[in-house]
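# Following is a predicted model, sequence given first.
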Amino acid sequence: MAGALFLHPLTEVAPYDMTDNLISYEGGFIRRGLLGAVLYAIPFLNTWARTQFALKLLFASNFALLFWMVGLALHRYVRSVSVSLLILLQPFFFGFLVMTAEWTRKDALLMSCFCLSLGALREDTGTGRAPRRRVWPFLSANLVSIAAILSHEMYGVAMLPVLIVAAASQDHAAGRSAIHSLRRAIMGFSPSIATFILLSMFVGDAVVGARILDAWRAKGVALESPGALRFLVDQNVYEGLNDGIGLARDPKTRLGLLYWAFIAMWSAVVLVLSSSVGPAHEDVRSTRGHMLNDRSVAESAIVVALTAASFAPLFLVAIDWGRWIALWLMCSAVLVFSSWRNPIVSLLRSLLAKIIVIPSLRIPTLQRSWGLCLLNLSIFLPLPCCMHELCCDATFVQQWSLAYRSGRVVVTLLASLGVWRH
């Protein structure tokens with residue numbers, strides 16, 4: 001369905017994305033090498049066609065898993081399958097992944113790892129177990145997080161800090177002080193933190209990239225160009241971020257950056273207000289269910305701001321902004337539409353008592369019907385879908401909007417049936 005509607009068939013994988021997935025340790029230890037090392041160790045993958053098939057099957061399966069996990073979290077909150085799907089298909093949730101074929105990259109894989117790590121920690125939610133029994137949830141979350149970091153350092157930059165705060169909030173909910181809970185969470189994720197720090201220091205060179213290509217060729221998988229390998233081996237994580245920040249100062253990128261800033265703010269507002277489609281806050285004694293209240297909005301906004309701060313280094317890179325917004329909002333949605341939101345807000349309030357407060361926003365009452373109306377309207381928000389969004393004139397924005405694409409599909413189908421001629 002994704003291929004038919006948005007012209008990204010399963011047979012299409014960009015060469016750059018493919019080489020990024022085939023980075024391995026055959027040329028020496030390097031970042032992003034875990035997935036490629038696993039694929040290289042499979043004897044069956046000795047031709048280019050088989051390797052492509054394995055990657056497509058992996059990412060399609062992961063996309064389905066991620067869609068199910070995030071959808072399950074939404075459904076537990078809104079208690080409606082149709083509303084859950086409506087939220088999931090927002091332009092900067094799974095709508096972005098479908099339109100840009102981003103499901104064929106590691107981004108969705110990292111988001112799945114984030115959800116699995118949260119699931120491992122959730123088993124210990126509010127139980128007040130002894131420290132020795134708390135080892136297993138942290139061990140499981142660390143194993144998943146380390147695998148994610150070794151597959152792509154983005155996880156360590158943006159998602160690991162959010163995971164640590166979530167773990168600390170659950171510990172705080174069990175009765176421990178905020179500082180003590182945060183310290184315990186950092187210690188619990190020290191293996192993942194150490195992995196990210198050590199990985200970030202490694203810098204390869206052209207020889208490493210050439211050795212990786214030669215190893216795949218010797219196995220029967222011949223890559224025409226180095227693609228991602230050319231950029232991977234030239235710098236470590238921190239140098240890459242510095243180069244990206246330099247790019248952000250380029251006047252040519254300012255218009256695109258402003259446009260994506262607007263998209264990010266609008267999408268965050270939609271995410272916060274869409275909490276009105278769920279049940280009333282459990283701590284608010286209200287007889288009017290499914291109504292937006294000031295406390296719910298404030299708590300959702302705080303969680304969205306927390307995740308935005310964690311993803312800030314990626315936005316500073318000033319490339320692939322759409323990817324960062326999609327991942328940020330999916331990460332935020334998992335926390336906003338789940339039982340994690342309240343403990344996280346409570347932890348932040350305890351840590352920054354004089355700064356983090358829940359203000360009275362005085363937002364007019366928003367019924368469930370208006371929340372659904374807002375979600376429906378936001379689906380048609382114009383959405384450019386090329387990776388380096390440097391061209392943002394009106395025609396470009398219109399052509400890449402979901403409304404334009406959907407209309408084009410309908411006209412094409414009518415023309416194929418002889419009903420419409422154009």
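Great, that's in hand.
# Ala108 contacts Glu102, doesn't it?
Yes - with contact defined as CB atoms under 8 Å, Ala108 and Glu102 form a contacting pair (6.8 Å). The way it works is simple: take the backbone N, C-alpha and C, and place the C-beta from them, glycine included.
# same for whichever helix or strand Ser296 is part of, what does it pack against?
In this assignment (DSSP states H and E), Ser296 forms part of helix 294-317. Counting contacts by 3 or more CB pairs under 8 Å, 6 or more residues apart in numbering; DSSP states H and E, helix 294-317 packs against helix 160-173, helix 237-248, helix 254-273, helix 321-336, helix 341-351.
# Could you rerun that using 10 Å?
helix 154, helix 160-173, helix 237-248, helix 254-273, helix 321-336, helix 341-351 (3 or more CB pairs under 10 Å, 6 or more residues apart in numbering; DSSP states H and E).
# Same list, these, but as CSV with mean pLDDT and mean neighbour count please.
Below are the helices and strands packed on helix 294-317 laid out as CSV (pLDDT from 0 to 100; neighbours: other CB atoms under 10 Å):
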stretch, mean pLDDT, mean neighbour count
helix 154, 89, 22
helix 160-173, 92, 24
helix 237-248, 61, 15
helix 254-273, 80, 18
helix 321-336, 88, 24
helix 341-351, 90, 20
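# now for those helices, which one comes closest to Arg183?
helix 160-173 (8.3 Å; CB to CB).
# Flag every buried residue along the helix or strand following the closest one.
The C-terminal neighbour of helix 160-173 among helices and strands, as given by DSSP H and E, is helix 178-188. By 16 or more other CB atoms under 10 Å, the buried positions in helix 178-188 come out as 178, 181-182, 184-185, 188.
# and the two most separated of the residues you listed?
Ala178 and Gly188 (15.4 Å).
# Longest helix in this protein, please.
helix 48-78 (DSSP state H).
# could you say what helices and strands the helix or strand just after that one packs with?
Next helix or strand after helix 48-78 toward the C-terminus (DSSP H and E): helix 81-88. Packing partners of helix 81-88 (3+ CB pairs under 10 Å, 6+ apart): helix 48-78, helix 94-100, helix 321-336, helix 368-378.
# make it 8 Å
Judged by 3+ CB pairs under 8 Å, 6+ apart, helix 81-88 is in contact with helix 48-78, helix 368-378.
# Restricting the selection to alpha carbons, write the shortest one to PDB.
Right, helix 368-378. Output of helix 368-378 as PDB, limited to C-alpha atoms (Å, rounded to 0.1, in the frame of the first residue of the first chain):
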ATOM      1  CA  ARG A 368     -12.900  15.300  21.700                       C
ATOM      2  CA  SER A 369     -14.700  16.200  18.400                       C
ATOM      3  CA  TRP A 370     -12.500  19.400  18.000                       C
ATOM      4  CA  GLY A 371      -9.400  17.400  18.800                       C
ATOM      5  CA  LEU A 372     -10.300  14.900  16.000                       C
ATOM      6  CA  CYS A 373     -11.000  17.800  13.700                       C
ATOM      7  CA  LEU A 374      -7.600  19.300  14.300                       C
ATOM      8  CA  LEU A 375      -5.900  15.900  13.600                       C
ATOM      9  CA  ASN A 376      -7.800  15.500  10.400                       C
ATOM     10  CA  LEU A 377      -6.900  19.000   9.200                       C
ATOM     11  CA  SER A 378      -3.200  18.500  10.100                       C
END
